[in-house]
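Engineer: Need coordinates for the following:
(chains A, B, C and D)
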Protein chains: 4
Amino acid sequence: MSTPPPDSTAVARAGDLALLVGLSHKHHIIRLTPGGQLQTHRGVIEHDQLIGRPWGSKVFSHIGRPFHLLEPSLANILLETRRRTQILYPKDIGFILVSMGIGPGKRVVEAGSGSGGLTTALAYAVGPQGHVFSYEIHPDNLELARQNLAALGLDERVTFKLRDIRAGFDERHVDALFLDLPNPADYLPQVRNTLKPGGFFGSILPTTNQLYQLLAALREHNFAFVEVCEIMLRYYRADPRRLRPVDRMVAHTGYLIFARPITDPPPDPPRKR
Amino acid sequence: MSTPPPDSTAVARAGDLALLVGLSHKHHIIRLTPGGQLQTHRGVIEHDQLIGRPWGSKVFSHIGRPFHLLEPSLANILLETRRRTQILYPKDIGFILVSMGIGPGKRVVEAGSGSGGLTTALAYAVGPQGHVFSYEIHPDNLELARQNLAALGLDERVTFKLRDIRAGFDERHVDALFLDLPNPADYLPQVRNTLKPGGFFGSILPTTNQLYQLLAALREHNFAFVEVCEIMLRYYRADPRRLRPVDRMVAHTGYLIFARPITDPPPDPPRKR
Amino acid sequence: MSTPPPDSTAVARAGDLALLVGLSHKHHIIRLTPGGQLQTHRGVIEHDQLIGRPWGSKVFSHIGRPFHLLEPSLANILLETRRRTQILYPKDIGFILVSMGIGPGKRVVEAGSGSGGLTTALAYAVGPQGHVFSYEIHPDNLELARQNLAALGLDERVTFKLRDIRAGFDERHVDALFLDLPNPADYLPQVRNTLKPGGFFGSILPTTNQLYQLLAALREHNFAFVEVCEIMLRYYRADPRRLRPVDRMVAHTGYLIFARPITDPPPDPPRKR
Amino acid sequence: MSTPPPDSTAVARAGDLALLVGLSHKHHIIRLTPGGQLQTHRGVIEHDQLIGRPWGSKVFSHIGRPFHLLEPSLANILLETRRRTQILYPKDIGFILVSMGIGPGKRVVEAGSGSGGLTTALAYAVGPQGHVFSYEIHPDNLELARQNLAALGLDERVTFKLRDIRAGFDERHVDALFLDLPNPADYLPQVRNTLKPGGFFGSILPTTNQLYQLLAALREHNFAFVEVCEIMLRYYRADPRRLRPVDRMVAHTGYLIFARPITDPPPDPPRKR
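Structural biologist: Numbers count the residues shown, from 1 in each chain, chains lettered A, B, ... in the order given. Below you'll find the predicted structure:
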């Protein structure tokens, strides 16, 4: 067995991402930088006040308002992503990752980058040995996605490309490819050129009309094992004496589609003996 | 920017995990071994027939039945896990991973190991730089979990321990800790001793009665940011001419609970200026 | 205030519909008839044994197996309807009734009759002062629906017609009209001829493809206040010590569509003063 | 066969309930009264302008804003009920009616009256031959419920009683009894005294804690055929070119509970022959 890694650090260090949660559960995600400052509606917090302090501590702004100092989860990060576009929800992203074989060391292509929400999740999941190639047609989106990834320290794992994917992707034989754009049905030949045979294709679409078109195109382009699903997430009030679901919930984020490009049958199947 | 990894391999190699899917969508997961054989109800397939063949190929058993050769996703693997116990579903596991900060390099504790389903997901997600410590009280479960992880080549990332966790965990300051057992409320002091301050605690419980007890205990033991939710996954028939949800679905797997242990306030909050 | 009716009868009488529920919760619905017999897998029960006995009693078959004697609800009746076709579920029927203004005294048209499930609900809800006109193109369906309604004593409230509704309906100015057939979009002119202006139109469709076509046709034919919804019903295990949802549920029965035909604007709107 | 009733009236008459829907889909429900006026944010409409006009017409306020003149469904009425309390949703009420055998001619007890929402639905469904007995402990609620029922012309079918139901109900052998109050578990002896044996008992409760207590009490008081469920209603955008669920939905209104009081077994079950 390999040697387990040393104990994780229990204190916040310069360079760490930190989540600060105030009284109203307002979340702030920052990268701890000596001399840095976090400005909030409830006062200012000096980064130097946080560096060296145990995770889970309560800290106070200059006007005495309390905040909790926590490490952010991927879900925390995604929900706080600065955005110009609709971003994917953690409920969908978690299922995408486990359904598309996305983990340490994988090479993944996505288009478009949007605000970089899914890019963040992919870069996080593939780890330092993997890589993400993220295509985007709008320069402003690309710039925001790049900034968001840099702010999280994940930019080394991502290659951004400003490109209309109608022109195709540069990569070959990638493990997984995700299209988060309105007309994925138009790009399946490009997908087949880049995704390795049998690789993982995925997409998310808000309307059933788009879903139709993609399903028809997947058949035409010889994708198999097509799955379509939707995920509903319902929160509960965490009060043990009045345990019940919350009053309102998100009704729809999108339909998830997964499929795998297959090759033609080999020329001479063995005869039945 | 770091150098992207070389192109992923587009052909199946000895040592790879492979998913073979037959006509009725019956799934078989195997580790490709020279000289090995897969026995199915639709005939025998020699591993040597598969090694070197492109992923996504159609192959045939000795009686001529077709199978597709694919790389398995984590979801594929989880659903095929040999089991003695109820296992977690991919829909829940994906959300657990993104909500509990579990990714490359993390150190995670779980109890109980059960059949090793969640262990597999954790070991996959933490990558070669992370580690999983998995506690189990039943020797038969532990043995099965160990076998399942070994069959997947993930056993080097996991330390199994046969232990009643009432006696506590050996690790300190781990990043995340998940309890998949009937009475998590009984072990919160042990959790606090092992999970780093502000770390990620999670559990899944089938009944609202268990949920009560855990919520009450979390309050008592100073856990904060408690979240309770459930995830409903509904599949659709992927027929573009008759697009509709399937007839029946899983109604319930369990309530997911997430919380974070916090420390007491520091002794001298700054005065309001 | 009108005089309240006399106390309901607390004992089963000849002519009443009765629900007999055996140990495994198998349901039997019968009309109590002097001299009649109910044959079950758990023995024979004489109707005379039931007539005069209080509702809620436990009774025994000739081989000593217990049954409970109950009055059936509309939901009980619907779920036990003899059927040749898919029938509507109580969850959908309840919402249809309250959304389409169907109650005592109303005149309602439906097509097709199918096995008479919805016909039963409509006839029950409109009461002795209302009436249901039920159109069906298949003679075998019509015959079964007629038998089912007669067995329930509701046939006096229903006029069945063997007819292709392409030829139109005979009635004029009915209060509500429901189409439970695969291509409702094809019959909207016929609907407008029969449904009174502003009346209640409803339909149920299993696929999104059918739903498209109906929505497009409703626009074309000047229907307004179009609503589309789906209803999900999840049961719980009623065990107070292990309270939780059941394991599996119905994922889809159909999309419900409601709309109201409106007239053109009157010729001379008043000027703004 | 009985004679079908004459054609329903296609024009609005004095005394009818009318639904007026403005441009923003704001709903107004009024009883048409010669000389009456409806004041809206979009101008005044004279009742005399509406009386004699066909249902489904477009009418205009004194400042020229358009409204549609429609007959209201029960669901329309319920959603517009003036309220002091949380009211039941049409999705739940429809299922309650079909599950509890509530239809023309039935005698039903409810407590509390609340704002009269369920009272309205019950009075509507039992028709002129049935009756509703509605108990309420708060005089202000009772007065509002009474006014609401009177405004709908349904007050003749309802007997309101200002009473703490701890003292019991006056009626005997009613067909169905519904408790919409926080602690139904406390009143099951009173329920048994009033509901006929085998009759329909129902309740709705927001929290799982209340649900526990009721389920435990139902066992203790010999209620059988206990069912617990929840109903989720999801609307779709009715745009055929962009067909998709709406963004947000109601996540929870309450758990529905149904049960039936049964009698003890008769003293001497027949021996097995």
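Engineer: per-residue confidence averaged over stretch A:151-170?
Structural biologist: Stretch A:151-170 comes out with an average pLDDT of 96.
Engineer: That stretch near chain B anywhere?
Structural biologist: Yes. Contact between stretch A:151-170 and chain B, assessed by C-beta under 8 Å from any C-beta of the partner chain, occurs at A:155-157, A:159. Quick note: C-beta positions are derived from backbone N, CA and C, even for glycine.
Engineer: domains of chain A?
Structural biologist: A:17-72, A:77-261 (automatic domain parsing).
Engineer: Mean neighbour count for those domains - can I get that in CSV?
Structural biologist: Shown next, in CSV, are those (neighbours: other C-beta atoms under 10 Å in any protein chain shown):
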stretch, mean neighbour count
domain A:17-72, 17
domain A:77-261, 21
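Engineer: Can you check which of these gets nearest to B:Thr263?
Structural biologist: Minimum separation from B:Thr263 across the domains of chain A (C-beta to C-beta) falls at domain A:17-72, 4.8 Å.
Engineer: just how off-centre is the closest one within its chain?
Structural biologist: Distance of domain A:17-72 from its chain centroid, counting by C-alpha atoms, centre = their mean, to the nearest Å, is 24 Å.
Engineer: and it, is it in reach of chain B?
Structural biologist: Yes. Using C-beta under 8 Å from any C-beta, domain A:17-72 reaches chain B at A:21, A:25, A:54-60, A:62-64, A:66, A:68-72.
Engineer: That domain: end-to-end distance?
Structural biologist: Distance across domain A:17-72, first residue to last, is 7 Å (C-alpha to C-alpha, to the nearest Å).
Engineer: what do you get for stretch A:108-115?
Structural biologist: 17 Å.
Engineer: quick revisit: which ones among the residues of domain A:17-72 next to chain B map onto strands?
Structural biologist: Among the residues of domain A:17-72 next to chain B, the members found in strands (DSSP state E) are A:21, A:58-60, A:66, A:68-70.
Engineer: ok, these vs C:Ala238, which is closest?
Structural biologist: A:Val21 (39.0 Å).
Engineer: hmm, back to that, farthest pair in the ones in strands among the residues of domain A:17-72 next to chain B?
Structural biologist: Longest span within these, C-beta to C-beta: A:Phe60 and A:Leu70, 15.4 Å.
Engineer: ok so, going back, between the domains of chain A, which gets nearest to chain D?
Structural biologist: The closest of the domains of chain A to chain D is domain A:77-261. By C-beta to the nearest C-beta, the value is 3.6 Å.
Engineer: from the chain's centre, how far out does that closest one sit?
Structural biologist: That offset, for domain A:77-261, works out to 7 Å (C-alpha atoms, centre = their mean).
Engineer: So is that domain next to chain C?
Structural biologist: Yes. Judged by C-beta under 8 Å from any C-beta, domain A:77-261 and chain C are in contact via A:208-209, A:212.
Engineer: and chain A, which residues reach chain D?
Structural biologist: Applying C-beta under 8 Å from any C-beta, one finds that chain A approaches chain D through A:206-209, A:234-235, A:241-252.
Engineer: Out of these, list just those in strands.
Structural biologist: In strands, judged by DSSP E, the following of the residues of chain A next to chain D are found: A:234-235, A:244-245, A:248-250.
Engineer: Max pairwise distance over those residues: which two?
Structural biologist: Maximum distance among those (C-beta to C-beta): 17.7 Å, for A:Arg244 and A:Val250.
Engineer: quick one on the thing from earlier: what about chain B: which of the ones in strands among the residues of chain A next to chain D touch it?
Structural biologist: Among those, chain B is touched by A:234-235 when using C-beta under 8 Å from any C-beta.
Engineer: got the ones in strands among the residues of chain A next to chain D as JSON lines, with pLDDT columns?
Structural biologist: Below are those laid out as JSON lines (pLDDT from 0 to 100):
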{"residue": "A:Arg234", "pLDDT": "98"}
{"residue": "A:Tyr235", "pLDDT": "98"}
{"residue": "A:Arg244", "pLDDT": "97"}
{"residue": "A:Pro245", "pLDDT": "98"}
{"residue": "A:Arg248", "pLDDT": "97"}
{"residue": "A:Met249", "pLDDT": "97"}
{"residue": "A:Val250", "pLDDT": "97"}
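Engineer: Closest to D:Val174 out of the ones in strands among the residues of chain A next to chain D?
Structural biologist: A:Arg244 (29.8 Å).
Engineer: Quick check: beta-bridge partners of A:Tyr236?
Structural biologist: In this structure, A:Tyr236 bridges to A:Pro245, B:Val228 when assessed by DSSP bridges.
Engineer: Might you report the residue contacts of it?
Structural biologist: By C-beta atoms under 8 Å, 6 or more residues apart in numbering or on different chains, the contact list for A:Tyr236 reads A:243-246, B:228-230, B:255.
Engineer: So A:His252 sits against D:Arg244, correct?
Structural biologist: Yes. Here A:His252 reaches D:Arg244: they are 6.2 Å apart, a contact under C-beta atoms under 8 Å.
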